[in-house]
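A.B. asks: Sharing a model that was predicted from the sequence below.
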Amino acid sequence: MKIFLRYLTWFLNAALVFLFLLFAVKNSDPVTLRFLLGHSWQMPLVLLLFLFFCLGALFGVLACMGRLFRGRQQIQLLKRKLRDAGADTVVAPAKEAFPPPPDAIV
């Protein structure tokens, strides 16, 4: 089963790359970007789309970095508190999330 999933993954990846390649071939027409003050820039449409996709992914990753670093800081703080509490402290087991089911009515 594991080998089948590996081959399926390879097949899907190859199909996706093939579709992106077809998209790139069909959208290779040059487009003109016009900026302020009369500046313009020409490039193929597929490169422009790829550039903006990469910029969007970069901004998305940067937006998540604050939460990631706060989470890591909190983990370090909790590890430090646990270490300072000492190894002889026994951690109480977690309580059940749900109450036990009621007895069956006969």
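C.D. replies: In hand now; what should we look at? Numbers count the residues shown, from 1 in each chain.

A.B. asks: Give me the most central residue, the protein.
C.D. replies: residue 61 (7.9 Å; Cα atoms, centre = their mean).

A.B. asks: how close does that one sit to residue 53?
C.D. replies: Using Cβ to Cβ, to the nearest Å, residue 61 is found at 13 Å from residue 53. All C-beta atoms are positioned from the backbone trio N, CA, C, and that covers glycine.

A.B. asks: quick one on the thing from earlier: where's the residue nearest to the centre of the chain, which helix or strand?
C.D. replies: Assigned by DSSP states H and E, residue 61 belongs to helix 45-85.

A.B. asks: so for that helix, what's the average pLDDT?
C.D. replies: Per-region confidence: helix 45-85 scores 91 on mean pLDDT.

A.B. asks: Which neighbouring elements make contact with it?
C.D. replies: Judged by 3 or more Cβ pairs under 8 Å, 6 or more residues apart in numbering; DSSP states H and E, the packing partners of helix 45-85 are strand 30-34.

A.B. asks: tally of neighbours for residue 85?
C.D. replies: When neighbours are counted by other Cβ atoms under 10 Å, residue 85 registers 10.

A.B. asks: Also residue 44?
C.D. replies: Residue 44: 14 neighbours (other Cβ under 10 Å).

A.B. asks: In contact with the spatially closest residue to it that is not a sequence neighbour: list those residues for me.
C.D. replies: In this structure, residue 44 finds its nearest non-sequential neighbour in residue 28, 4.9 Å apart by Cβ to Cβ, 6 or more residues apart in numbering. The contact partners of residue 28, taken as Cβ atoms under 8 Å, 6 or more residues apart in numbering, are 44-46.
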